[in-house]
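1. With the sequence up front, the predicted model follows.
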Amino acid sequence: MDLIRIYFDIMYNVFSFFTIELFAQYQLKTYNSFNKKKLRIYYLIYYILYSIPANLPKIFTYLDLCVIFLYFYLTGKKEAKHCIWIFLKYELYVLIVLSILIISHTYIINDFYFLDVNETYNNAKDLICNVMLYIVLFLYIYGKRLSALHEKKHYSIYFSAAAVFSCYILSYFSLFLVGNPTNISRMFPVIFSLFFIIIAVCLTSYQKIVLTLKTNADQEILITRYEAERAYYEDVEKSLNDISSLRHDFRNHLLVLDSYAQKGDLENLKTYIAKLNKGLTDIKLIKSQSSLVSAILNAKSNVCREKKILFTAKCTFPYISISDFHLITILGNLLDNAITAASKISDGQIILSIRQVDSYLEICCENNHAEKIRKKNEQFLTTKEGDHIFHGIGIKNIKKSVNELNGTIDIKYTDNTFTVNVFVPNYR
């Protein structure tokens, strides 16, 4: 029995299964994680047994394709049409990416001679390229997750470099061992297993870092939401107390007004009415069907009041199905940018509208400004003093969140106004 060949076949098929599993988890809309745990053991046993015979009939190739589709079908909650499409995408991914990896690996390692004369090296090369196929998919998926958190990509660069470096070191070891066949049966499994452990540690560490960053981002969103809503409810409580106090003193206020009226003291009468009116104006709050939207708008309204900006908000939507992270990113950055621009002129004004249009939520924010709008490579440049390092980061983050929600953003501006229209799906 050729133990080296069996070792390579087992490792090849195991990594193929890991790629299938990862692809299904990423692509299937109705992924069943419970089935995944049950199926993993059966599939690994199947692939180990499948690796033992040396030459299987051609029909087993078709059986293998059926087994792969069956995995997508069982973990995809048996939605046949969707699973067929995902199965075809997987096969296309393997065909294209694996071909690119094999060709690039051959040219970089320069192993043309060994491909024709050494079957053991061919098995080793196939395994290495199959491992790299899994690594490419893994780094792509977790790189996207890291990018969605608006984090810097240096983690992705470091771990990608470590994984690729390990694969190519493994490749040169393979060439060395084939060229020096002494104790080859003992060295191949040991060297390959060692490097697989190194690669697994790199990928696992990268995965944990991304998941930790996501957890931290979720906690920051929860804290931001809590702080915004706490401030909002404090304003509500203050307003209710003011209303209660005003109602309690209403009789006394009427007596004072009646006294001024009887005396014909119109000057003091107007002054007193203006004071009462100001008290009523100060307790006005922005209300909506979303406590988070209400909290954000009232917090920004307070900032506008301090900066003497006229802020008008109109909310006509039945519910919000957008995640807190994206809602805070879009609405917070829109209003922060508008406040920055409007605060630099004496008659600063912001008009915000949030409304439901069919199955979309439309967020329209318009503000006046006095500075020249600057763009570079289709990117807006900040007008904030001292923030040149963060050119256009607010608009960039808004666009990123809108794209992730499969929405659209339209930006228009004149010499006096700046308008941003955002459309994002909003349905249950």
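-> Sure thing, it's come through. Note that the coordinates shown come from a computational prediction; the quantities given were computed from them, not determined experimentally. Numbers count the residues shown, from 1 in each chain.
2. show me the contacts for the residue nearest to Asp410 when sequence neighbours are not counted.
-> Taking CB to CB, 6 or more residues apart in numbering as the measure, Asp410 lies nearest to Asn421, with 4.4 Å between them; neighbours along the chain are not counted. For glycine as for every other residue, the C-beta is placed from the backbone atoms N, C-alpha and C. For Asn421, the contact set (CB atoms under 8 Å, 6 or more residues apart in numbering) comprises 362-364, 409-412.
3. who does the helix or strand hosting Asn421 pair up with?
-> According to DSSP states H and E, Asn421 maps onto strand 417-425. Paired neighbours of strand 417-425 in the sheet (DSSP bridges): strand 360-368 (antiparallel), strand 408-413 (antiparallel).
4. Which of the ones you listed has the lowest mean pLDDT?
-> Mean pLDDT is lowest for strand 408-413 out of the strands paired with strand 417-425, coming in at a mean of 90.
5. buried ones in stretch 298-315?
-> Residues of stretch 298-315 classed as buried under the neighbour-count rule (16 or more other CB atoms under 10 Å) are 298-301, 304, 309, 311, 313, 315.
6. what comes up buried for the strand holding Asn421?
-> Counting neighbours by 16+ other CB under 10 Å, one finds that the buried residues in strand 417-425 are 418, 420, 422-424.
7. Stretch 77-90 now?
-> For stretch 77-90, using 16+ other CB under 10 Å, the buried residues are 82-83, 86-87, 90.
8. Also stretch 358-371?
-> Judged by neighbour count (16+ other CB under 10 Å), stretch 358-371 contains these buried residues: 360-369.
9. In terms of helices and strands, where is the closest residue to Phe325 other than its chain neighbours?
-> Distances taken as CB to CB, 6+ apart put Ile221 closest to Phe325, at 5.0 Å, once the chain neighbours are dropped. Here Ile221 sits within helix 184-248, counting by DSSP H and E.
10. I'd like the mean pLDDT over that helix, please.
-> When the per-residue pLDDT values of helix 184-248 are averaged, the result is 72.
11. Which of the buried residues of strand 417-425 sits closest to Leu95?
-> Val424 (35.4 Å; CB to CB).
12. Please name the residues that touch that closest one.
-> So, once contact is read as CB under 8 Å, 6+ apart, Val424 ends up touching 322, 326, 330, 360-361, 363, 402, 405-407.
13. returning to what we had before: could the buried residues of strand 417-425 be laid out in TSV, adding pLDDT and distance to Tyr172?
-> TSV is the format used below for these (pLDDT from 0 to 100; distance: CB to CB, whole Å):
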residue	pLDDT	distance to Tyr172
Phe418	91	57
Val420	93	54
Val422	94	52
Phe423	94	53
Val424	93	50
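14. Of those residues, just say which sits nearest to Ile191.
-> Within the set of those, Val424 lies nearest Ile191; the separation is 51.4 Å, counting by CB to CB.
15. beta partners for the closest one?
-> Where Val424 sits in a bridge, its partners, by DSSP bridges, are Leu361.
16. and which of the buried residues of strand 417-425 is nearest Ile103?
-> Sorting the buried residues of strand 417-425 by how near they are to Ile103, with CB to CB, puts Val424 at the top with 41.5 Å.
17. how close does the closest one get to Ser174?
-> Applying CB to CB, to the nearest Å, the value for Val424 to Ser174 is 50 Å.
18. before we move on, what about Tyr360?
-> Shown here: Tyr360 relative to Ser174, a distance of 55 Å by CB to CB.
19. do the same with Ser259
-> The span separating Ser259 from Ser174 equals 101 Å under the rule CB to CB.
20. Looking at these two now, which is surrounded by more residues?
-> Here Ser259 and Ser174 are set side by side on neighbour count (other CB atoms under 10 Å), and the busier one is Ser174, at 24 against 13.
21. in terms of contact, does the more buried one touch Ile128 like I think?
-> Yes: with contact defined as CB atoms under 8 Å, Ser174 counts as touching Ile128 (7.1 Å).
22. what is in contact with these two at once?
-> Between them, Ser174 and Ile128 share no contacting residue under CB under 8 Å, 6+ apart.
23. May I ask you to confirm that Ile320 is in contact with Arg428?
-> No: using CB under 8 Å, Ile320 is not in contact with Arg428; the gap is 10.1 Å.
24. In terms of packing, which of the two has more residues around it?
-> The residue with more neighbours, out of Ile320 and Arg428 and counting by other CB under 10 Å, is Ile320; that gives 18 against 6.
25. looking at this, the more buried one is in a strand?
-> No: following the definition DSSP: H, G, I helix; E, B strand; the rest coil, Ile320 is coil and is not counted among the residues of a strand.
26. Contacts only, for it.
-> Contacts of Ile320 were listed using CB under 8 Å, 6+ apart, and they are 289-290, 292-293, 327, 361, 426.
27. which stretches of the chain form helices?
-> Using DSSP state H, the helices assigned to the chain run over residues 3-27, 33-51, 59-75, 80-109, 112-117, 119-148, 154-179, 184-248, 250-263, 266-282, 291-306, 324-342, 393-404.
28. Tabulate those in TSV, adding columns for distance to Gln349.
-> What follows is these, written out as TSV (distance: least, CB to CB, whole Å):
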stretch	distance to Gln349
helix 3-27	46
helix 33-51	50
helix 59-75	54
helix 80-109	49
helix 112-117	71
helix 119-148	34
helix 154-179	41
helix 184-248	22
helix 250-263	32
helix 266-282	17
helix 291-306	9
helix 324-342	6
helix 393-404	19
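29. how many neighbours does the closest residue to Tyr43 other than its chain neighbours have?
-> On the basis of CB to CB, 6+ apart, the spatially nearest residue to Tyr43 that is not a chain neighbour turns out to be Phe17, at 5.6 Å. Burial measure for Phe17: 21 neighbouring residues, criterion other CB under 10 Å.
30. and what of Ala338?
-> 28.
31. Do you know the pLDDT at Thr316?
-> Confidence score, pLDDT, at Thr316: 92.
32. beta partners for it?
-> Thr316 has the following beta-bridge partners by DSSP bridges: Arg355.
33. how about it, what does it touch?
-> Taking CB under 8 Å, 6+ apart, we find Thr316 in contact with 354-356.
34. Export these to a markdown table and append columns for neighbour count, pLDDT and distance to Phe138.
-> Conversion of the contacts of Thr316 to a markdown table gives the following (neighbours: other CB atoms under 10 Å; pLDDT from 0 to 100; distance: CB to CB, whole Å):
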| residue | neighbour count | pLDDT | distance to Phe138 |
| --- | --- | --- | --- |
| Ile354 | 23 | 94 | 39 |
| Arg355 | 13 | 93 | 42 |
| Gln356 | 17 | 92 | 39 |
